[in-house]
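Just the structure for this:
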Amino acid sequence: MTRADPAARRDAIRDALVGRRRELDLVLAAVTAGRDILLEGPPGTGKSTMLRAITANWGIPFVLVEGNAELTPARLVGHHNPARVLREDYSEDNFVAGPLVEAMRSGGFLYIEELNRAPEDTLNVLLASMAEREVAVPRVGTIAAEPTFRVLASMNPFDNVGTARISDSVYDRWCRLAVGYQDADDETAIVAVRTGATDQRLIADAVAITRATRHHPELRRGSSVRGAIDTVAIAVELAALGSHTERERLVLDAALLALTARVGVDEASDATPEEVITQIWEDHFFSSPGGRRRVRTA
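Below is the predicted model of the structure:
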């Protein structure tokens, strides 16, 4: 990766993205300056897509790791092959690199999803490698990172189940960028690109219903644009089957299938996900101010 003509590089990366112009500029500025970044926001908002576009343009690997209780220091750094150790004893040749060492050696981006689900001792190993740009591996030696190595991570601030509090010392190592949902126009463009659908009315309906899940009073978690993508894809296939004679009912069935697993009903509510999605569908098709007058389906 060279620093030549950064604006041209940025414009080339933009071609692989829909929207996210401000966020792309900020992330590019940070990683080019050698900084590590924590992206904080709900899932399905294009965080990993943006990072993959950058690494593809830079010609370096994108190493993805899921943050969870099983991400131990040994899984992150690597381990010696047990069978070979029994035959040969410990050596550098029988060391199996973990994602951290893989990213350091290749100068890639190490991206950890849901950082706040990782164990504290794993975070300590990660922070040491960020501070020193190297990691000491027993019986292997010190592994230094290539210049383009960066550590990036994501956190979902709206989901605290199974997560741990991130300490101030961890936050102090990162540049932090809050990433929210895209606007309606960007989400409409994303759905069109991802599905290849040409029915603009269907895309608009799916996007509107999906966006409504994010501020429904009985939901603690709404759906990302992935819900709209799946709603459109399923609706197109349902239409091809010819089993639905009413467009509104077709959209409802597609939305129920695509969205009910992606929303979280508030603990204080007695409603089911199906009931909430059906209510949102009814509000969209029959209660929208200035909307088309339609006849309710059974």
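
Against Ala69, how distant is Asp121?
Per C-beta to C-beta, to the nearest Å, Asp121 is found 11 Å from Ala69. The way it works is simple: take the backbone N, C-alpha and C, and place the C-beta from them, glycine included.

what mean pLDDT does stretch 53-72 have?
On average, the pLDDT along stretch 53-72 is 93.

just stretch 149-160 next, same as before
82.

any residues touching that stretch, and which ones?
Outside stretch 149-160, the residues that touch it by C-beta atoms under 8 Å, 6 or more residues apart in numbering are 31, 34-43, 47-48, 51, 67, 103-104, 107-116, 126, 129-130, 133, 166, 174, 220-221.

how about a cut-off of 6 Å?
31, 36-40, 42-43, 47, 103-104, 107, 109-113, 115-116, 130 (C-beta atoms under 6 Å, 6 or more residues apart in numbering).

Spit out the contact partners of the spatially closest residue to Val125 that is not a sequence neighbour.
Using C-beta to C-beta, 6 or more residues apart in numbering and skipping the chain neighbours, the partner closest in space to Val125 is Pro73 (4.6 Å). For Pro73, the contact set (C-beta under 6 Å, 6+ apart) comprises Asp121, Thr122, Val125.

hmm, try it at 8 Å
Contact partners of Pro73, counting by C-beta under 8 Å, 6+ apart, are Asp121, Thr122, Asn124, Val125.

hmm, which of these are the buried ones?
Neighbour-count burial (16 or more other C-beta atoms under 10 Å) applied to those gives Thr122, Val125.

Can you tell me which of the contacts of Pro73 end up in helices?
Among those, the ones falling in helices (DSSP state H) are Asp121, Thr122, Asn124, Val125.

which among those residues gets closest to Val251?
Thr122 (43.9 Å; C-beta to C-beta).

That closest one and Leu76 touch, don't they?
Yes. Using C-beta atoms under 8 Å, Thr122 is in contact with Leu76, at 5.6 Å.

Please report phi then psi for the closest residue to Ile112 other than its chain neighbours.
Once flanking residues are discounted, Ile112 sits nearest to Ala153: 4.3 Å by C-beta to C-beta, 6+ apart. With angles defined as degrees, to the nearest 10, Ala153 sits at phi -150, psi 160.

what are the ranges of the helices in the stretch 151-298 of the chain?
Assigned by DSSP state H, counting those that start in this stretch, the stretch 151-298 of the chain shows helices spanning 168-171, 184-195, 200-212, 225-241, 247-259, 273-286.

Let me have the ones you listed in TSV, adding mean neighbour count and distance to Pro6 as columns.
Output for the helices of the stretch 151-298 of the chain, formatted as TSV (neighbours: other C-beta atoms under 10 Å; distance: least, C-beta to C-beta, whole Å):
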stretch	mean neighbour count	distance to Pro6
helix 168-171	12	28
helix 184-195	18	24
helix 200-212	21	33
helix 225-241	20	29
helix 247-259	21	39
helix 273-286	18	43
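
Please identify which of the ones you listed is closest to Ala7.
helix 184-195 (21.7 Å).

which other residues reach that closest one?
Taking C-beta under 8 Å, 6+ apart as the criterion, the residues outside helix 184-195 that touch it are 18-20, 46, 181-182, 197-198, 200, 203-204, 206-208, 210-211, 225, 228-229, 232-233, 236.

returning to what we had before: would you reformat the helices of the stretch 151-298 of the chain as TSV and include distance to Phe95 and mean pLDDT?
Shown next, in TSV, are those (distance: least, C-beta to C-beta, whole Å; pLDDT from 0 to 100):
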stretch	distance to Phe95	mean pLDDT
helix 168-171	27	78
helix 184-195	40	94
helix 200-212	46	97
helix 225-241	38	96
helix 247-259	44	96
helix 273-286	47	95
